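predicted model and sequence follow; I will ask about them next.
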Amino acid sequence: MSLRFIGIDPNTGQGESPTVWIDDTKGELVIQGWKPDAATEAECANFQVPGHAVGIPNHEQVVRVPARMVPILREACDAAEAAQLR
């Protein structure tokens, strides 16, 4: 795996570190965030998208990242697009 670090929450402390990387090999964004509370996870799991099963598959996870990380997420998206990782 070849992860390329993009950024970390600018307000991160010792015990928290939402982070964004790009996996150049798989062409994916890798996001570390906070685990959602049960109510948030349940709301996400119950959300219905036409053509998709309801729920969160066992191999997927919902994470939360602070909105202040939007510039970091944009940078990751731009870097992935520039590297043609689609």
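Received, thanks.

mind checking the longest helix of this structure?
As assigned by DSSP state H, the longest helix anywhere in the chain is helix 70-82.

what does that helix contact?
Helix 70-82 is contacted from outside by 4, 6-9, 20-22, 27, 29, 31, 65, 86, using CB atoms under 8 Å, 6 or more residues apart in numbering. From N, CA and C alone the C-beta is placed, and that goes for glycine too.

show me the two of these that sit farthest apart.
Asp9 and Arg86 (26.0 Å; CB to CB).

neighbour count winner among these two?
Asp9 (19 against 6; other CB atoms under 10 Å).

my guess is the more buried one meets Ser17, correct?
Yes - at 6.7 Å, Asp9 counts as touching Ser17 under the criterion of CB atoms under 8 Å.

helix or strand for the residue nearest the centre of the chain, which one?
Closest to where the C-alpha atoms of the chain average out (CA atoms, centre = their mean) is Ile31, at 3.5 Å. Assignment of secondary structure by DSSP states H and E places Ile31 within strand 28-32.

got the contact list for the helix or strand that comes right after that strand?
Per DSSP H and E, strand 28-32 leads on to helix 38-46 as the next helix or strand towards the C-terminus. By CB under 8 Å, 6+ apart, the surrounding residues in contact with helix 38-46 are 36, 54-56, 62, 64.

those in strands, which ones?
Assigned to strands by DSSP state E, none of the contacts of helix 38-46 qualify.

tell me the two of those that are most distant?
Val54 and Arg64 (20.5 Å).
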